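> dropping the sequence and predicted coords here.
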Amino acid sequence: MSTEKQKTVLVVLAPYSDAVRDLLAVQGKRDDLEILAYHTRTLLLELDTTRSYSVQTRTLEEGRWPYTRFDINNRLAAILGEWGAPLDVQHPEQILSVTLTPTEAFLGLSLARENLSDWAGGERRFKREPNQISRAEFKLLEALETFDLQLPTTGVALDMGAAPGGWTRLLSERGLRVIAVDPAELDPRAESHPNVTHIRTTVENYLPTRETFDVILNDMRMDARDSARVMLMAAQYLKPKGFGIMTLKLPEKGMGDVARAALRILGSGYSVLGARQLFHNRDEVTVALGG
Ligand SMILES: C[S@@+](CC[C@H](N)C(=O)[O-])C[C@H]1O[C@@H](n2cnc3c(N)ncnc32)[C@H](O)[C@@H]1O
């Protein structure tokens with residue numbers, strides 16, 4: 001990964017932590033552990049020995065390393081431990097974060113409460129459910145957890161861009177009645193659920209409606225700004241205590257500008273509760289919205 005790309009990930013779309021301080025060259029060899037150990041020692045003055053700590057390592061991209069993440073964690077934790085801080089893997093107050101690509105390592109020490117995710121490198125994994133329809137389901141689960149939002153178990157949800165039906169399945173199985181709007185086919189498991197009404201058209205055709213919604217979701221594959229405008233059209237149908245979650249699909253070039261423009265549009269009709277690139281997002285960010 002180039003430095004420029006990494007900067008983009010950290011600054012515009014930081015998924016987990018702004019702790020990164022050092023960028024090191026590594027070679028995918030056993031010596032890498034020595035390089036990481038050396039740089040860990042340079043961070044020791046920043047360590048608060050009265051607070052507990054842990055080391056979290058994430059590997060990015062496919063790579064083969066002659067050591068495991070646990071080797072790194074153990075080696076670096078031992079160095080920090082020599083200074084007397086107590087190790088607490090479950091609830092550390094300070095975290096030494098290591099992110100590794102085949103050629104580069106990113107290293108930084110931060111307070112856990114300042115990190116954007118409790119998971120090593122933001123790597124949040126969910127167990128696959130047997131009747132899961134799409135990987136998109138993980139995005140919704142992660143968004144609900146990240147933004148601390150609870151799906152109601154009764155009421156009505158609007159799912160815009162619903163096909164093949166992962167989000168619709170999650171909503172309907174939790175007891176919500178779901179209006180799933182998408183010109184494309186829904187998976188039969190979502191289509192046949194008694195709580196689901198599939199409106200087989202575009203959202204632009206579906207709105208206006210007489211319904212009001214407890215939850216409005218939007219995972220439509222379209223330009224982020226257009227998608228934000230459609231979401232804005234839907235704002236008037238959100239019940240007072242309802243919330244919205246949407247993904248903004250971002251282009252490779254100018255992603256920051258497009259994201260900011262889309263957020264400005266959304267801000268004119270919703271309160272923006274949060275906007276983050278989540279672990280399960282690729283070229284998109286997830287936005288949580290209140291009425
Ligand atoms: C990434 S998929 C959604 C996945 C879905 N959230 C799930 O959990 O399975 C994007 C969907 O947006 C739909 N879409 C794109 N433009 C749309 C529009 N104007 N109105 C409704 N749906 C649209 C596409 O047909 C496609 O099915």
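Ah, there it is.

> please count neighbours and contacts with C-alpha atoms only from this point.
Will do.

> my read: Gln56 touches Pro92, true?
No: using Cα atoms under 8 Å, Gln56 makes no contact with Pro92, being 10.3 Å away.

> who has more neighbours out of the two?
Using other Cα atoms under 10 Å as the criterion, Gln56 and Pro92 rank with Gln56 on top: 23 against 19.

> hmm, who's touching the host helix or strand of Met231?
Under the criterion of DSSP states H and E, Met231 resides in helix 224-234. With Cα atoms under 8 Å, 6 or more residues apart in numbering as the test, helix 224-234 has contacts from 203-204, 207, 216, 218, 220, 247-250, 258-259, 261-263, 265-266, 268-270.

> would you mind checking those residues for buried ones?
203, 216, 218, 220, 247-250, 258-259, 262-263, 265-266, 269-270 (16 or more other Cα atoms under 10 Å).

> only alpha carbons, please: show the helix or strand Met246 falls within as CSV.
Per DSSP H and E: Met246 is located in strand 238-249. Provided in CSV are the C-alpha atoms of strand 238-249 (Å, rounded to 0.1, in the frame of the first residue of the first chain):
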residue,chain,number,x,y,z
LEU,A,238,-39.0,9.0,9.3
LYS,A,239,-40.9,8.9,12.6
PRO,A,240,-39.7,11.3,15.3
LYS,A,241,-37.7,8.7,17.2
GLY,A,242,-36.6,6.8,14.1
PHE,A,243,-33.2,6.5,12.6
GLY,A,244,-31.5,5.9,9.3
ILE,A,245,-28.5,4.1,8.1
MET,A,246,-27.0,4.4,4.7
THR,A,247,-23.8,3.6,2.8
LEU,A,248,-22.2,6.3,0.6
LYS,A,249,-20.5,4.6,-2.4
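
> which elements pack onto whichever helix or strand comes after that strand?
Using DSSP H and E, the helix or strand that follows strand 238-249 towards the C-terminus is helix 255-267. For helix 255-267, the packing partners by 3 or more Cα pairs under 8 Å, 6 or more residues apart in numbering; DSSP states H and E come out as helix 224-234.
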